[in-house]
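[1] Quick one, fold the following:
(chains A and B)
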Amino acid sequence: EIVMTQTPLSLSATPGQPASISCKSSQSLVYRDGKTYLYWYVQKAGQSPQLLIYEVSKRFSGVPDRFSGSGSGTDFTLKISRVEADDVGVYYCMQSMQLPWTFGQGTKVEVK
Amino acid sequence: EVQLVESGGGLVQPGGSLRLSCAASGFNVRSNYMTWVRQAPRKGLEWVSIMYSDGQTYYADSVKGRFTIFRDNSKNTVYLQMKSLGGEDSAIYYCARPLGDVARDGMDIWGQGTTVTVSS
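    Prediction:
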């Protein structure tokens, strides 16, 4: 099983300032098709998870360009360029390169 | 509009069974795969099961032998049959559909979830 490790587990962000979350996988998420199967989701209070980023760096439809993903192999980062109050939630990375699909522990983002 | 609506959750005694449903609209559940993910109270997300378009199914070790995923194409619905339930199975259960048509594509649309509580 691929273990996904997120850091930090919580962060208090300042509106207008950047914030970033790290996600490390226990093995490479690059499949033989050349794609890297790393996803980022956010779960806001009382809601289902919502897709933010797919395949490391591709923003899902409707996701503000304040959100960006980067990384390769086993090390990945989600960045929010300018945090807004609406960004409060728990952020998860997920790998779908190999079954069982696995999630990071989640990073709780609060906005000051 | 693409939509997933789960139902079937509820209170069940330890050792009991429950069948969850995930009714899809706006797309065909036979395409690529359908998957279930759960979230125990105040915990993170845990992948549970997947059913591919060719009928292949896979399960997390924690539910293998107790849970069965299947679909009814005529109803465009995916199910999760759960048996021998224990307290560790108490969770919100979400169904989700794939972003694309590649087997390893992650999920884009999730249902609202249905809550399963295992307690005497």
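[2] and the closest residue in space to B:Gly26 that isn't next to it in sequence, what does it touch?
    Closest residue to B:Gly26 apart from its sequence neighbours, by CB to CB, 6 or more residues apart in numbering or on different chains: B:Val2 at 3.8 Å. In short, each C-beta sits where N, CA and C put it, glycine included. Contacts for B:Val2 were tallied using CB atoms under 8 Å, 6 or more residues apart in numbering or on different chains; they are B:Ala24, B:Ser25, B:Gly26, B:Phe27, B:Arg97, B:Ile109.
[3] Surely the first one and B:Gln3 touch.
    Yes - taking CB atoms under 8 Å as the definition, B:Ala24 is a contact partner of B:Gln3 at 7.2 Å.
[4] Look at those two and report which has more neighbours.
    Just comparing B:Ala24 and B:Gln3: by other CB atoms under 10 Å in any protein chain shown the higher neighbour count belongs to B:Ala24, 23 against 13.
[5] what's near enough to touch the more buried one?
    B:Val2, B:Gln3, B:Leu4, B:Met34, B:Asn76, B:Thr77, B:Val78, B:Arg97.
[6] one more time with 10 Å, if that's ok
    Residues near B:Ala24 by CB atoms under 10 Å, 6 or more residues apart in numbering or on different chains: B:2-5, B:30-31, B:34, B:71, B:75-78, B:95, B:97, B:109, B:111.
[7] which stretches of chain B form strands?
    With DSSP state E as the definition, chain B shows strands at residue ranges B:3-7, B:10-12, B:18-25, B:33-39, B:45-52, B:57-59, B:67-72, B:77-82, B:91-98, B:107-110, B:114-118.
[8] Only C-alpha atoms, please: export the fourth one in PDB.
    This means strand B:33-39. Taking Å, rounded to 0.1, in the frame of the first residue of the first chain, the C-alpha atoms of strand B:33-39 are listed here in PDB:
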ATOM      1  CA  TYR B  33     -15.500   2.700 -12.800                       C
ATOM      2  CA  MET B  34     -17.500   3.700  -9.800                       C
ATOM      3  CA  THR B  35     -16.000   3.800  -6.300                       C
ATOM      4  CA  TRP B  36     -16.900   4.100  -2.600                       C
ATOM      5  CA  VAL B  37     -15.000   6.100  -0.100                       C
ATOM      6  CA  ARG B  38     -15.800   6.400   3.600                       C
ATOM      7  CA  GLN B  39     -15.100   8.800   6.400                       C
END
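[9] tell me which strands and helices it is in contact with?
    strand B:18-25, strand B:45-52, strand B:57-59, strand B:67-72, strand B:77-82, strand B:91-98, strand B:107-110 (3 or more CB pairs under 10 Å, 6 or more residues apart in numbering or on different chains; DSSP states H and E).
[10] at 6 Å what do you get?
    strand B:45-52, strand B:91-98 (3 or more CB pairs under 6 Å, 6 or more residues apart in numbering or on different chains; DSSP states H and E).
[11] helix/strand/coil for A:Gln6?
    Assigned state for A:Gln6: strand (three-state reduction, DSSP: H, G, I helix; E, B strand; the rest coil).
[12] which residue packs closest to it, ignoring adjacent ones?
    Spatial nearest neighbour of A:Gln6, chain neighbours left out: A:Gly104 (3.6 Å); criterion: CB to CB, 6+ apart.
[13] so what's that neighbour up against?
    Contact analysis of A:Gly104 by CB atoms under 6 Å, 6 or more residues apart in numbering or on different chains lists A:Met4, A:Gln6, A:Cys23, A:Tyr92, A:Cys93.
[14] again, but for B:Met107
    With CB under 6 Å, 6+ apart, B:Met107 has these contacts: B:Ala96.
[15] ok, so what distance separates it from A:Lys24?
    The spacing between B:Met107 and A:Lys24, counted by CB to CB, to the nearest Å, is 21 Å.
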